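K.L.:
sequence plus predicted model, see below.
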2 protein chains.
Amino acid sequence: MSYQLHYWPGIQGRGEFARLALEAAGASYVDVARGDAAAGQGLPALLHYLEDASVTRPPFACPLLVDGQRVIGQTAAILLYLGPRLKLVGASETDRLWTHQIQLTIADAVDEAHNTHHPVGSGLYYEEQQAEALRAAKAFRTERIPRFLGWLETVLARNPKGDKYLVGGRLSYADLSAFQLVEGLRYAFPKATQRALRKTPRLVALHARVAQQRRVAAYLRSERRLPFNEQGIFRRYPELDA
Amino acid sequence: MSYQLHYWPGIQGRGEFARLALEAAGASYVDVARGDAAAGQGLPALLHYLEDASVTRPPFACPLLVDGQRVIGQTAAILLYLGPRLKLVGASETDRLWTHQIQLTIADAVDEAHNTHHPVGSGLYYEEQQAEALRAAKAFRTERIPRFLGWLETVLARNPKGDKYLVGGRLSYADLSAFQLVEGLRYAFPKATQRALRKTPRLVALHARVAQQRRVAAYLRSERRLPFNEQGIFRRYPELDA
């Protein structure tokens, strides 16, 4: 049976980390909220899991994955679940935990990227918090982007199995998420990210390697891959980059 | 062998979520950074894991747990690891994933609480971002505290095994973390939290239940439990509450 991925249609957002894993593994899945409400898909299907009192274990937010009777929220928990099933994580508990730890750190970076355009609160528009955003983005650009990307570079450099992948000698969901982080940062902060990436050649190579993986490359060319835009997590507001 | 917990001495911070699990289970552990550097403990032992090039899988930040050869960073990953070992999570994959999902959602609430006093950046002092903090705290108080606590209340209310615990019929690390979230919010935002808790009687009862668990109660009375203060995540700045 197909996995059901539920995420806000129209943006990559946090859903993209789950989508990339499903695509890279060639898994059968339905991107439910982008489907037709008349066919039982679309937003109503998504909102059911967030709002209906019959859901005994309701996710706090999207993305959420439905696999038969299971309903799983939180991006990192979805990947923890999918990893072994999609063969996108090593077999040992140690490798699985390390992959998850990298995922959680990438999630922190994603949260901080979101905070640059919504430092006051996610309930307000960007235009209502632009003054705060200018300051938050500067701190993120100068301190946090180099720190997060530098850490991923260190992880690659110290991998005993070589610097091709973050964990062991083959592709894991952490690599896919690192790819997406680089993609998003390059979109939102092209100048600052380019500067930081000059010091992280292994991460640049990892990004290119992931982009060239056969299924990922096909996905990126397809219409299933939504373009970045100014409703998602990574937004290009030129005033926030330098 | 004892677990080694490494976290900044002097604050509860994110380390407290791991500490509560270790304490509630009566596990043998060393709170390394609070120990004596002359005995191989203290901050140098902590910094080794963050900075030494010999660490092949370096955590991005504290807290970190050392168990023999394993070094685990990220609070939620530490609890994922400790849960089964300390019997603070159910046996099934479904229960473990749901417990982890709750933990990740609590971690999001903790991140947002931190953001109220550091909306611009963690590298700046509160006093350098107080204007932004006033606005961020208002949004957090009015929208996010009720939403997060309300979600935990819903999780309790819908638990098929009854509303005493978040997952199944016995204590899990998610309950301990929910206790700590309520503790922290009550400290940092006493007025706003009191208002929100009026609508979450099951969560209030859970908090009291956890506080009365024999080992937790002993821990809370001990000097091992650091008091809240204005260097941690939950800070009492009266101007941020209302």
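P.N.:
Received the coordinates, thanks.
K.L.:
quick check: A:Leu22 touching A:Leu5?
P.N.:
Yes - A:Leu22 lies in contact with A:Leu5 (C-beta atoms under 8 Å); the separation is 6.7 Å. All C-beta atoms are positioned from the backbone trio N, CA, C, and that covers glycine.
K.L.:
what's the burial count for A:Gln212?
P.N.:
Neighbour count for A:Gln212, taken as other C-beta atoms under 10 Å in any protein chain shown: 10.
K.L.:
sorry, wrong one. I was asking about A:Arg236.
P.N.:
14.
K.L.:
ok, now A:Asp52?
P.N.:
Counted with other C-beta under 10 Å, residues neighbouring A:Asp52 total 9.
K.L.:
on the pLDDT front, check the residue nearest to it when sequence neighbours are not counted for me.
P.N.:
Ranked by C-beta to C-beta, 6 or more residues apart in numbering or on different chains and with sequence neighbours excluded, the top spatial neighbour of A:Asp52 is A:Pro58, at 8.0 Å. The model reports A:Pro58 with a pLDDT of 97.
K.L.:
contacts only, for A:Pro58.
P.N.:
A:Pro58 makes contact with A:49-52, A:71, A:73, B:151, B:154-155, B:158, according to C-beta atoms under 8 Å, 6 or more residues apart in numbering or on different chains.
K.L.:
mind running it again at 10 Å?
P.N.:
A:48-52, A:64, A:71, A:73, B:151, B:154-155, B:158 (C-beta atoms under 10 Å, 6 or more residues apart in numbering or on different chains).
K.L.:
out of those, which is nearest to B:Val89?
P.N.:
Within these, the smallest distance to B:Val89 is 15.1 Å, found for B:Val155 (C-beta to C-beta).
K.L.:
does the closest one touch B:Lys161 like I think?
P.N.:
No - counting by C-beta atoms under 10 Å, B:Val155 stays clear of B:Lys161, with 11.8 Å between them.
K.L.:
what do the two both touch?
P.N.:
Common neighbours of B:Val155 and B:Lys161 (C-beta under 10 Å, 6+ apart) are B:Val167.
K.L.:
show me which of these two is the more surrounded one.
P.N.:
Set side by side, B:Val155 and B:Lys161 show more neighbours around B:Val155, with 26 against 11, by other C-beta under 10 Å.
K.L.:
quick check: which element contains the more buried one?
P.N.:
Assigned by DSSP states H and E, B:Val155 belongs to helix B:145-158.
K.L.:
other SSEs contacting that helix?
P.N.:
Identification of packing neighbours for helix B:145-158 by 3 or more C-beta pairs under 10 Å, 6 or more residues apart in numbering or on different chains; DSSP states H and E yields helix B:93-117, helix B:173-188, helix B:190-197, helix B:201-212.
K.L.:
output stretch A:96-104 as CSV - backbone C-alpha positions only.
P.N.:
Only the C-alpha atoms of stretch A:96-104 are listed here, as CSV (Å, rounded to 0.1, in the frame of the first residue of the first chain):
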residue,chain,number,x,y,z
ARG,A,96,20.5,5.0,13.0
LEU,A,97,20.9,7.2,16.0
TRP,A,98,23.7,9.2,14.4
THR,A,99,21.7,9.7,11.2
HIS,A,100,18.8,10.9,13.3
GLN,A,101,21.0,13.2,15.3
ILE,A,102,22.2,14.8,12.0
GLN,A,103,18.6,15.1,10.9
LEU,A,104,17.6,16.9,14.2
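K.L.:
how is chain A carved up into domains?
P.N.:
For chain A, automatic domain parsing gives the domain ranges A:3-85, A:93-213.
K.L.:
any chance of those in CSV, plus distance to B:Ile106?
P.N.:
CSV is the format used below for the domains of chain A (distance: least, C-beta to C-beta, whole Å):
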stretch, distance to B:Ile106
domain A:3-85, 10
domain A:93-213, 13
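K.L.:
which among those is found nearest to B:Gln231?
P.N.:
Taking C-beta to C-beta, domain A:93-213 is the member of the domains of chain A nearest to B:Gln231, at 19.0 Å.
K.L.:
around A:Val66, how many other residues sit close by?
P.N.:
A:Val66, neighbours per other C-beta under 10 Å, totals 19.
K.L.:
residues in contact with the residue nearest to it when sequence neighbours are not counted?
P.N.:
Nearest non-adjacent residue to A:Val66, counting by C-beta to C-beta, 6+ apart: A:Gln4, 4.0 Å away. Residues near A:Gln4 by C-beta under 10 Å, 6+ apart: A:29-33, A:35, A:41, A:45-46, A:49, A:64-68, A:71.
K.L.:
quick one on the thing from earlier: identify the contacts common to A:Leu22 and A:Leu5.
P.N.:
In terms of C-beta under 10 Å, 6+ apart, A:Leu22 and A:Leu5 are both contacted by the residues A:29-31, A:65, A:78, A:82.
K.L.:
what about chain B: which of the residues you listed touch it?
P.N.:
Residues of the shared contacts of A:Leu22 and A:Leu5 in contact with chain B (C-beta under 10 Å from any C-beta of the partner chain): A:Ile78.
K.L.:
make JSON lines from the shared contacts of A:Leu22 and A:Leu5 and add pLDDT to it.
P.N.:
Below are the shared contacts of A:Leu22 and A:Leu5 laid out as JSON lines (pLDDT from 0 to 100):
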{"residue": "A:Tyr29", "pLDDT": "98"}
{"residue": "A:Val30", "pLDDT": "97"}
{"residue": "A:Asp31", "pLDDT": "97"}
{"residue": "A:Leu65", "pLDDT": "98"}
{"residue": "A:Ile78", "pLDDT": "98"}
{"residue": "A:Leu82", "pLDDT": "98"}
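K.L.:
in strands only, show me the shared contacts of A:Leu22 and A:Leu5.
P.N.:
When DSSP state E defines the strands, the subset of these inside them is A:29-31, A:65.
K.L.:
buried among those? Need that as a selection in PyMOL.
P.N.:
Command for PyMOL that selects the buried part of these, burial taken from 16 or more other C-beta atoms under 10 Å in any protein chain shown:
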select buried, chain A and resi 29+30+31+65
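K.L.:
among the ones in strands among the shared contacts of A:Leu22 and A:Leu5, which one lies nearest to chain B?
P.N.:
Using C-beta to the nearest C-beta, A:Leu65 is the member of those that lies nearest chain B, at 10.4 Å.
K.L.:
so A:Leu5: helix, strand or coil?
P.N.:
Following DSSP: H, G, I helix; E, B strand; the rest coil, the label given to A:Leu5 is strand.
K.L.:
any idea how far A:Leu47 is from it?
P.N.:
Per C-beta to C-beta, to the nearest Å, A:Leu5 is found 15 Å from A:Leu47.
K.L.:
who's more crowded, these two?
P.N.:
Taking other C-beta under 10 Å, A:Leu5 and A:Leu47 do not tie; A:Leu5 has more neighbours (25 against 13).
K.L.:
so what's the more buried one bridging to?
P.N.:
A:Asp31, A:Leu65 (DSSP bridges).
K.L.:
correct me if wrong: it contacts A:Ala33.
P.N.:
Yes - counting by C-beta under 10 Å, A:Ala33 is a contact partner of A:Leu5 at 8.4 Å.
K.L.:
what do these two both touch?
P.N.:
With C-beta under 10 Å, 6+ apart as the test, A:Leu5 and A:Ala33 both reach A:15, A:46, A:62-63.
K.L.:
residues near A:Asp111, how many?
P.N.:
A:Asp111: 16 neighbours (other C-beta under 10 Å).
K.L.:
next: the one 3 residues further on.
P.N.:
Neighbour count of A:His114, defined by other C-beta under 10 Å: 19.
K.L.:
again with A:Glu143
P.N.:
A:Glu143 has 15 neighbours, counted by other C-beta under 10 Å.
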